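Mind looking at a prediction? Sequence and model below.
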Amino acid sequence: MIAKPKFKVLKLRFLSVSVIVTSLALILLQVGLYLNGMGFIHLPPGVVKVLASISLVIATFFATSLLLRLSIRRVFNLFEEPEERIFYSKIYSWTVYSIGLFVVLHHFGVSLGNITLFVGLLATGLAFAVRDVLLSFFGWMILLQKKPFRIGDYIRIGEDEGKVLHIGTFYVLLDKTQELPEDFTRVPNRLFLEKSISILGKNVLHEVIRFPLITLEENHRDKEHQLLLDLHEMLQDKTHIKVYTDIKEDKLVLVVEYLVNFEQRAQMRAEVIRRVVSGFSSSIRF
């Protein structure tokens with residue numbers, strides 16, 4: 001049985017519905033103005049002026065949208081780093097749309113001074129009304145410019161952790177499980193300005209587990225050594241395996257450090273906890 005060709009997919013690959021609708025509206029307006037100018041139809045001067053203004057607005061934003069569709073990919077490919085591609089592509093898009101907006105405002109008689117005053121008043125009002133949104137926007141700019149982490153890194157911020165899929169204008173997408181593409185967390189960019197960020201790694205993660213202790217037993221060193229041997233048998237990556245006693249916030253803790261793949265992290269963490277609880281049951285504080 002012959003499969004039906006996907007005409008809709010083929011068309012939308014080159015044209016979008018918005019482009020087609022905008023083109024038809026612009027053509028109809030221009031035809032109406034042309035017929036009125038040639039004397040085939042007679043429209044009131046007020047209607048002609050309104051149609052001309054609408055035609056200019058549609059033509060301006062149609063030209064800016066078409067320019068972006070034809071050039072945004074080239075601007076995107078000028079940069080190698082994904083964070084720089086996102087940042088400069090956004091800046092380019094906003095610049096093109098801003099120029100189109102200024103052209104329209106200039107047509108309606110708005111001077112550059114009035115535009116500057118209006119933008120200043122609007123920015124002042126928005127600064128109080130949408131403080132969290134502005135913080136997320138500035139956080140987005142800082143994340144892309146300072147690069148505290150990269151796309152593809154595994155990070156932890158607060159109680160959320162996962163692989164960085166995308167650094168958006170207002171949210172960072174964290175993927176907890178690669179097997180479930182729909183399972184991700186949206187973290188507002190403003191939180192990255194308020195909370196500390198832990199970089200876990202890109203493919204191999206540095207896992208640190210702390211167990212609170214009540215006291216140190218006489219054979220505590222022997223138990224640490226046995227746990228270290230167990231970890232060497234369990235883990236594939238043996239380059240960074242540590243078991244030691246430390247003080248955290250004036251409390252005695254047993255610290256276990258090792259490197260593990262993100263996919264095996266939960267399983268390995270559970271096994272480490274099981275062995276620590278089994279070996280240090282009399283000295284661990286629950």
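Sure thing, it's come through.

In the stretch 51-200 of the chain, what residue spans correspond to helices?
With DSSP state H, counting those that start in this stretch, the ranges of helices along the stretch 51-200 of the chain come out as 82-107, 112-129, 131-146, 191-194.

in the stretch 51-200 of the chain, which ranges drop under the pLDDT threshold?
83, 111-116, 118-132, 178-182 (pLDDT under 70).

Dump the C-alpha coordinates for stretch 254-265 into PDB.
Provided in PDB are the C-alpha atoms of stretch 254-265 (Å, rounded to 0.1, in the frame of the first residue of the first chain):
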ATOM      1  CA  LEU A 254      31.200  10.300  57.600                       C
ATOM      2  CA  VAL A 255      31.900  11.500  54.000                       C
ATOM      3  CA  VAL A 256      31.800   9.200  51.000                       C
ATOM      4  CA  GLU A 257      33.000  10.500  47.600                       C
ATOM      5  CA  TYR A 258      33.100   8.800  44.300                       C
ATOM      6  CA  LEU A 259      32.500   9.200  40.500                       C
ATOM      7  CA  VAL A 260      29.500   7.600  38.800                       C
ATOM      8  CA  ASN A 261      27.500   7.900  35.600                       C
ATOM      9  CA  PHE A 262      24.300   9.800  35.900                       C
ATOM     10  CA  GLU A 263      22.200   6.900  34.800                       C
ATOM     11  CA  GLN A 264      23.700   4.600  37.500                       C
ATOM     12  CA  ARG A 265      23.600   7.300  40.200                       C
END
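
Let me see the residues that make contact with it.
With contact meaning Cβ atoms under 8 Å, 6 or more residues apart in numbering, stretch 254-265 is reached by 154, 163, 178, 200-201, 203-211, 213, 224, 227, 231, 235-237, 239-246, 268, 272, 276, 280, 284. For the C-beta atoms, the positions are set from N, CA and C on the backbone; glycine is no exception.

pLDDT (mean, whole number) over stretch 32-48?
Stretch 32-48 carries an average pLDDT of 81.

List the buried residues of it.
G32, L33, N36 (16 or more other Cβ atoms under 10 Å).

residue contacts, V277?
I284.

In a strand, it, correct?
No. Under DSSP: H, G, I helix; E, B strand; the rest coil, V277 sits outside any strand and is assigned helix.

I'd like the distance from it to H206, if you could.
V277 is 22 Å from H206, where distance means Cβ to Cβ, to the nearest Å.

same deal with K242?
11 Å.

Kindly report the same for F149.
From F149 across to H206, the span is 14 Å (Cβ to Cβ).

So between these two, which is more surrounded?
F149 (21 against 14; other Cβ atoms under 10 Å).

And the more buried one, its phi and psi?
When read as degrees, to the nearest 10, the backbone of F149 gives phi -150, psi 170.
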